[in-house]
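**Q** kindly return the folded structure for what I paste below:
(chains A and B)
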Amino acid sequence: MLSAISFLHWPFLLLLPLAVAPWILRHPRLRRVAAIHSRGDILSSIPPSFRARTWWLSPALRSLAIALVVVSLARPVLTNQDSQVFTEGAAVELVVDRSGSMNAEDFTIDGKRTNRLNAVKRVATNFIKGGEGLDGRASDLVGLTVFARFADSISPLTTDHDFLIEALHGTQVATEASESGTAIGDAVALGVERLRDAMESANRDGQERVKGAALILMTDGENNAGDTDPMSAAELAKTLGVRIYAIGVGTRGYAPFPSRGLNGRTYYQQQAVTIDEELLTAMAEATGGRYFRATDTDGLAKIYEAIDALERTRIEQSITTFHRDLAVQGFRLGGRAFPAILMLAAACLLLDSAVAATWGRRIG
Amino acid sequence: MITAALAAKIRRIDISTRKAVREAVAGRWHSAFKGRGMEFEEVRPYVPGDEVRTIDWNVTARTGEPHIKVFREERELAIVLAVDLSGSLRYGSRGRLKRELAAEAAAILAFSAVTNNDKVGLLMFTDRVEKWIPPRRGRGHVLRLVRELLAFEPTGRGTDLGGSIDELARALHRPSVVFVVSDFLSQGWESPLQRASLRHDVIPIIIEDPAEFELPRAGLVSFTDPESGAERIVDTSNGGVRRRFRDAAFAARDTRDRTLARTQLEAVRMRTDDADLVEPIVACLRRREERRAR
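**A** Predicted structure coming up:
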């Protein structure tokens, strides 16, 4: 719910300086002098009583009344926009490679060299939660599958993005020899499976709450493990209407791989980057997605922006607008109830009259 | 321009003062002001009713007819009325304004003077000399003076009593009797008054209003100072305010009276609630007479 006060006849606000009139009209030159006293010198030297010191009450009330009337002329309206946003969420499965090669430090975060997985974590987080030029995917179901030799579904598709990001950041590069490998086909198949589950449960009772499904595959290698042929997985995705956005993560040519020496120090070895771009491109194009190559963090972020734009969810807003004429209708603002502005003005004048007849009753 | 009301006022002052002047003031007027020096004018035959004391025995013996000496006043007396028209006199809480009181007092003095065949001049001043009418004789002249006193609209608002007296003293060629009609609410008049009194017979006439000492009980009043135009909202019902005002007003009056006492001049005090204005003038004349006799 959006509340805003606007003035339909705002030029009347230019009359606001009229509010100083009660002060100017007090000037002796503009008034009939009612009472004079030859001992003005003595009168001025006597400290005034409290009653005499509240003389400003009347001009203040009149000023306020004038100001309120002027504001009323400007026709203030409180616009309550009750907007309901109907979003059709999409389902997005992140499939992240955590094979040993993701350790290669050919990416930078904030000027510091970092490995591919960290760069992926960073940019994927922004993609989900928003930040650094990305809007976030607030209404989307997002799931996470990681893989090395085996594919693991870390998180089912969920709107609990905080949990998902936590899971993403908990992902470690696989260092065990038993895990070494890159099972792209298995991972994609698993991710597609997860997407299907999610869409089925979301769109259960005939309602299409989740429209469109995308799988974002991030890998830096070639399919060399697993039982599923990557292209078969892509076919599966296509059958289910899942677009695959494949991102080849890694610089071109050689990348520095850290390895621990016997003395505990870290050495960097230059290793050739081998990304099966043909396969990834084929998978992406087979499903109506796209293949991207990320050679650095900025590039990776740009890719996510592109995907973000491609997979934009449709947002429908129905906006209901209520106008309240504040001059004549009471209103609530900041949790407080206010009477109509003209009522306030009338109250000021009434109070002024009451004061003028009692406490402020004055000759001259 | 003489309005009907103004004419009526002048008439009223004329009539009321004429009577008072004839009855109370006349006899004392000259003895209060004049020196004893009389100038011999002529010797003429005695007619019944002449003062026997004035018979000139030498001439009577020579001629065989009773003759008397006729004396003329040594000098003709010029009375000057210096009347304060400043803003502070445009105030009065009891029936008349201080300014009206000042005009009435001045009118009484003017009629007294003219009744005794003296010349009367008028100086009206505020923070400057507003108008100077040199002394002349005659009832018509006095009526004009009274009219001016009642109708004149001063351009200034403030008071420069001292400066006006100094200017008056410069304008008077001959020693005169000067009545200074003012509320003496300004400063710096002491030495001009004293300077003037060296050559002239200066009589201060102090114009006061009761409300200058006791505020009227009227709740909140926005008072404007007629001289400065400054405005002040005063809680006239507040005990503290009233007390402070009274104390300050009486203190100011005491200061003024002490200053006047230093000049050793015989002052006349008049209040706007005084019904009889002749009485204080007569009292003043009487005091002067007595002092002279001593």
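
**Q** any idea how far residue A:170 lies from chain B?
**A** Distance, residue A:170 to chain B, using CB to the nearest CB, to the nearest Å: 77 Å. Placement of C-beta: from N, CA and C, glycine included.

**Q** OK, contacts around that residue?
**A** Residue A:170 sits next to residue A:154 when contact means CB atoms under 8 Å, 6 or more residues apart in numbering or on different chains.

**Q** how about the residues of the stretch 251-364 of chain A near chain B?
**A** Residues of the stretch 251-364 of chain A lying close to chain B by CB under 8 Å from any CB of the partner chain are A:360-364.

**Q** does residue A:147 really touch residue A:98, like I thought?
**A** Yes: using CB atoms under 8 Å as the test, residue A:147 is close enough to residue A:98 to be in contact (6.8 Å).

**Q** between those two, who's got more neighbours?
**A** Using other CB atoms under 10 Å in any protein chain shown, the more surrounded residue of residue A:147 and residue A:98 is residue A:147, with 29 against 25.

**Q** now that one: how far from residue A:115?
**A** 17 Å (CB to CB, to the nearest Å).

**Q** likewise for residue A:303?
**A** On the measure of CB to CB, residue A:303 and residue A:115 end up 18 Å apart.

**Q** cool, residue B:229 as well?
**A** 86 Å.

**Q** which one's more surrounded, the two?
**A** residue A:115 (21 against 14).

**Q** contacting residues around the more buried one?
**A** Residue A:115 neighbours (CB under 8 Å, 6+ apart): A:102-105, A:107, A:173, A:258.

**Q** repeat the analysis, applying 7 Å as the threshold.
**A** By CB atoms under 7 Å, 6 or more residues apart in numbering or on different chains, residue A:115 lies in contact with A:102-105, A:107.

**Q** and for residue B:22, the neighbour number?
**A** Residue B:22 has 13 neighbours, counted by other CB under 10 Å.

**Q** and residue B:201, by the same measure?
**A** 20.

**Q** touching, it and residue B:177? I think so.
**A** Yes: shown here, residue B:201 and residue B:177 form a contact pair, counting by CB atoms under 7 Å, at 4.4 Å.

**Q** which residues do these two both contact?
**A** Residues touching both residue B:201 and residue B:177 (CB under 7 Å, 6+ apart) are residue B:33.

**Q** tell me which parts of the stretch 1-150 of chain A are close to chain B?
**A** A:28, A:33-40, A:42-46, A:48-49, A:51-52, A:55 (CB under 7 Å from any CB of the partner chain).

**Q** residue ranges of the helices in the stretch 201-350 of chain A, please?
**A** Assigned by DSSP state H, counting those that start in this stretch, the stretch 201-350 of chain A shows helices spanning A:230-239, A:277-286, A:297-310, A:341-357.

**Q** the first one packs against which elements?
**A** Applying 3 or more CB pairs under 7 Å, 6 or more residues apart in numbering or on different chains; DSSP states H and E, one finds that helix A:230-239 makes contact with helix A:184-202, helix A:277-286.

**Q** of the residues of the stretch 1-150 of chain A next to chain B, which belong to strands?
**A** The members of the residues of the stretch 1-150 of chain A next to chain B that map onto strands under DSSP state E are A:35-36.

**Q** for PyMOL, what selects the buried ones among the residues of the stretch 1-150 of chain A next to chain B?
**A** Command for PyMOL, covering only those of those found buried under the criterion 16 or more other CB atoms under 10 Å in any protein chain shown:
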select buried, chain A and resi 35+36+37+38+39+40+42+43+46+48+49+51+52+55
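
**Q** not counting its neighbours along the chain, what's nearest residue A:223?
**A** Spatial nearest neighbour of residue A:223, chain neighbours left out: residue A:184 (4.0 Å); criterion: CB to CB, 6 or more residues apart in numbering or on different chains.

**Q** can I assume the one you found is in contact with residue A:232?
**A** No: with contact defined as CB under 7 Å, residue A:184 does not count as touching residue A:232 (11.1 Å).

**Q** show me what residue of the stretch 151-294 of chain B gets nearest to chain A.
**A** Nearest residue of the stretch 151-294 of chain B to chain A, counting by CB to the nearest CB: residue B:225, 2.5 Å away.

**Q** just checking, that residue touches residue A:40?
**A** Yes: under the contact definition of CB under 7 Å, residue B:225 touches residue A:40, with a separation of 2.5 Å.

**Q** interface residues of the stretch 151-294 of chain B facing chain A?
**A** So the stretch 151-294 of chain B meets chain A at B:183, B:185, B:209, B:212, B:218-226, B:228-235, B:238, B:240-241, B:244-245, B:248-249, B:252 (CB under 7 Å from any CB).

**Q** between residue A:184 and residue A:232, which is the more surrounded one?
**A** Under the criterion of other CB under 10 Å, the comparison of residue A:184 against residue A:232 puts residue A:184 first, with 31 against 13.

**Q** pLDDT score for that one?
**A** The model reports residue A:184 with a pLDDT of 85.

**Q** now swap in residue B:72 and tell me
**A** Per-residue confidence at residue B:72 stands at 65 (pLDDT).

**Q** check the one 3 residues further on too.
**A** In the predicted model, residue B:75 carries a pLDDT score of 54.

**Q** show me what contacts residue A:198?
**A** A:91, A:141, A:143, A:156-157, A:210.

**Q** residue contacts, the nearest residue to it once chain neighbours are set aside?
**A** With CB to CB, 6+ apart as the criterion, residue A:198 has its nearest non-adjacent residue at 3.6 Å, and that residue is residue A:157. By CB under 7 Å, 6+ apart, the contact set of residue A:157 is A:91, A:93, A:141-143, A:194-195, A:198.

**Q** so which helix or strand takes in residue A:157?
**A** strand A:151-158 (DSSP states H and E).

**Q** now do the buried residues in that strand.
**A** A:151, A:153-158.

**Q** before we move on, what about stretch A:163-181?
**A** Quick answer for stretch A:163-181 (16+ other CB under 10 Å): A:164-165, A:167-168, A:171, A:173-174, A:179, A:181.

**Q** from residue A:124, how far off is residue A:144?
**A** Taking CB to CB, one finds residue A:144 at 9 Å from residue A:124.

**Q** for stretch B:54-73, C-alpha coordinates in PDB please.
**A** This file holds the C-alpha atoms of stretch B:54-73, laid out as PDB (Å, rounded to 0.1, in the frame of the first residue of the first chain):
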ATOM      1  CA  THR B  54      -0.900 110.000  45.400                       C
ATOM      2  CA  ILE B  55      -1.600 113.700  45.900                       C
ATOM      3  CA  ASP B  56       1.400 115.800  45.000                       C
ATOM      4  CA  TRP B  57       1.600 118.300  47.900                       C
ATOM      5  CA  ASN B  58       4.100 120.600  46.200                       C
ATOM      6  CA  VAL B  59       2.000 121.100  43.100                       C
ATOM      7  CA  THR B  60      -1.200 121.400  45.200                       C
ATOM      8  CA  ALA B  61       0.400 124.100  47.300                       C
ATOM      9  CA  ARG B  62       1.700 126.000  44.300                       C
ATOM     10  CA  THR B  63      -1.500 125.900  42.400                       C
ATOM     11  CA  GLY B  64      -4.000 125.900  45.200                       C
ATOM     12  CA  GLU B  65      -5.800 123.000  43.400                       C
ATOM     13  CA  PRO B  66      -5.300 119.400  44.500                       C
ATOM     14  CA  HIS B  67      -3.100 117.500  42.100                       C
ATOM     15  CA  ILE B  68      -2.000 114.000  42.000                       C
ATOM     16  CA  LYS B  69       1.000 112.300  40.500                       C
ATOM     17  CA  VAL B  70       0.400 109.700  37.900                       C
ATOM     18  CA  PHE B  71       2.900 106.900  37.500                       C
ATOM     19  CA  ARG B  72       3.300 104.600  34.700                       C
ATOM     20  CA  GLU B  73       4.700 101.100  35.000                       C
END
